[in-house]
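> Turn this into a model:
(one chain, ligands or ions: 1)
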Amino acid sequence: MDLLRLLARPPALPDTLLPCVDDLIAVERPDVPMHCLRPAAIIGAAADFVAGFPGEVLYAVKCNPDPAVLRAVWDGGVRHFDCASAPEVALVRGLFPDAVLHFMHPVKSRPALRAAWAGGVRDSVLDCAGELAKIVQETPDEERGLLVRLALPRGRAAYDLSGKFGAPVEEAAALLRAARPHAARLGISFHVGSQCLDPLAWREAMALAGAAIRAARVPVDIIDVGGGFPVAYPGSVPPPLGDYFAAIAAAFAALGLPEATRLWAEPGRALVAGGVSVVAQVLLRRGDALFINDGIYGSLSDAGAPGFRFPARLARPAGPAPSAGLRDFTVFGPTCDAVDRLRVAVPLPEDTAEGDWIEIGQLGAYGACLRTGFNGFDAIRSVAVRDPPML
Ligand SMILES: Cc1ncc(COP(=O)(O)O)c(C=O)c1O
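Predicted structure coming up:
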């Protein structure tokens, strides 16, 4: 664990003394994808969220569990972490002995429940009677927190999360009733889907949570509004986060719950997306197609089937200035699989060529952590930089 703490230690230099991406490319000429962490961007996003959200902020570790990212989230003031597995619990506990951890995966193995409890995790989520029975059997009564995950109808989020987890309102009410005697804290949680642009989605979900609580007729201590808070991508700029917080606060107040009822959120993407870019190198140009050394089996999985567009720019530290005119390139990743291709064409200077570097931004969320070693393309470098986010 000491090694983990060492890895997560903030850079010894203040951010202003960190190198910038272009200098690193010029000096290092990276021939494997270079992950450029912007600690200041993550610290700032986390601090803004903590300051603005009218409740407790739990960082969703799955979104980016890099120890340096976790440290930046912590430095931004986040003290609660939403973990989805025993290894995530061990990782966060090893870094932050004083953090408050929550087990927010609705399906957990018995060994994972026991390991999490031993790691100090007291709250866990469930969406059916079988999981409630499992948690009650595997964890001691005292201090146990239970949250019932509510199912939501398919919403307008870029990433739909309905259909796998969650109990419909009537079932959720029955679960709240069944869980109450076993819970030192009882809550209800939901997730509107990831990258949800519409603040009203939380208002609608909150109304369903209220219906479940009323039907349950038992006291509920926590409303957990999940993640889903969006960030900007090219062509898609969400309203300010304050609009989401205001919608949530108003919907929470409208439920008329006792004053002691707490509000939680589990943001992932909103805290870390802007905090990482990836510098990939062009391996070959063939007409309007570029083959680069990162792709959908690497950091760019969201640019594959989900069709996310990311900000991209050419970096050519030595040699002629890139041409002013842009052209839409089809970008392929390095593996032999034909699906290893960005779904949306990327506008780059017309003279983009083999050996150039492309910096792709907004990859801090669900980028690096979804990398695979498919075809042997798993080498990366990680550096800390002082550049601002690319959007
Ligand atoms: C239970 C839970 N909480 C929080 C999150 C984080 O969501 P986001 O990154 O959209 O904020 C997720 C993401 O899948 C999740 O499953």
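> Would the strand ranked longest in the chain count as contacting the ligand?
Longest strand in the chain by number of residues, with DSSP state E as the criterion: strand 276-286. No. Applying C-beta under 6 Å from any ligand atom, one finds strand 276-286 out of contact with the ligand, separated by at least 13.8 Å. For every residue, glycine as well, the C-beta is placed using N, CA and C.
> buried ones in that strand?
Across strand 276-286, burial judged by 16 or more other C-beta atoms under 10 Å covers 276-282, 285.
> Name the residues that touch it?
If you take C-beta atoms under 8 Å, 6 or more residues apart in numbering as the criterion, strand 276-286 is touched by 21, 24-25, 30-31, 33-38, 64, 69, 290-294, 299-300, 315, 334, 352-364, 367-368, 387, 389-390.
> What's the ChimeraX line that selects buried ones from these?
Typed into ChimeraX, the line below selects the buried ones among those, using 16+ other C-beta under 10 Å:
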select :21,24,25,30,33,34,35,36,37,38,64,69,290,291,292,293,294,299,300,315,334,352,356,357,358,359,360,361,362,363,364,367,368,387,389,390
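> which ones among the contacts of strand 276-286 are found in strands?
Those of these mapping onto strands are 34-37, 290-292, 315, 357-360, per DSSP E.
> Save those as a markdown table, and put in pLDDT and distance to R327 too.
Shown next, in a markdown table, are these (pLDDT from 0 to 100; distance: C-beta to C-beta, whole Å):
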| residue | pLDDT | distance to R327 |
| --- | --- | --- |
| M34 | 98 | 24 |
| H35 | 97 | 27 |
| C36 | 97 | 25 |
| L37 | 97 | 30 |
| L290 | 98 | 10 |
| F291 | 98 | 16 |
| I292 | 98 | 15 |
| A315 | 96 | 17 |
| W357 | 98 | 17 |
| I358 | 98 | 13 |
| E359 | 98 | 18 |
| I360 | 98 | 17 |
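> Export those as JSON lines, with columns for distance to the ligand.
Putting these into JSON lines (distance: C-beta to the nearest ligand atom, whole Å) gives the following:
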{"residue": "M34", "distance to the ligand": "24"}
{"residue": "H35", "distance to the ligand": "18"}
{"residue": "C36", "distance to the ligand": "20"}
{"residue": "L37", "distance to the ligand": "18"}
{"residue": "L290", "distance to the ligand": "29"}
{"residue": "F291", "distance to the ligand": "30"}
{"residue": "I292", "distance to the ligand": "26"}
{"residue": "A315", "distance to the ligand": "28"}
{"residue": "W357", "distance to the ligand": "28"}
{"residue": "I358", "distance to the ligand": "25"}
{"residue": "E359", "distance to the ligand": "23"}
{"residue": "I360", "distance to the ligand": "19"}
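> picking that back up, out of the buried residues of strand 276-286, flag the one nearest to the ligand.
Comparing the buried residues of strand 276-286 against the ligand with C-beta to the nearest ligand atom places V276 closest, at 13.8 Å.
> Spell out the residue ranges of the helices in the stretch 101-250 of the chain.
Along the stretch 101-250 of the chain, counting by DSSP state H, counting those that start in this stretch, helices occupy 110-118, 129-138, 169-179, 200-216, 241-254.
> Looking at these, which is nearest to R154?
R154 lies closest to helix 200-216 among these, at 11.0 Å (C-beta to C-beta).
> can you confirm V57 is in a strand?
Yes. Assessed by DSSP: H, G, I helix; E, B strand; the rest coil, V57 belongs to a strand.
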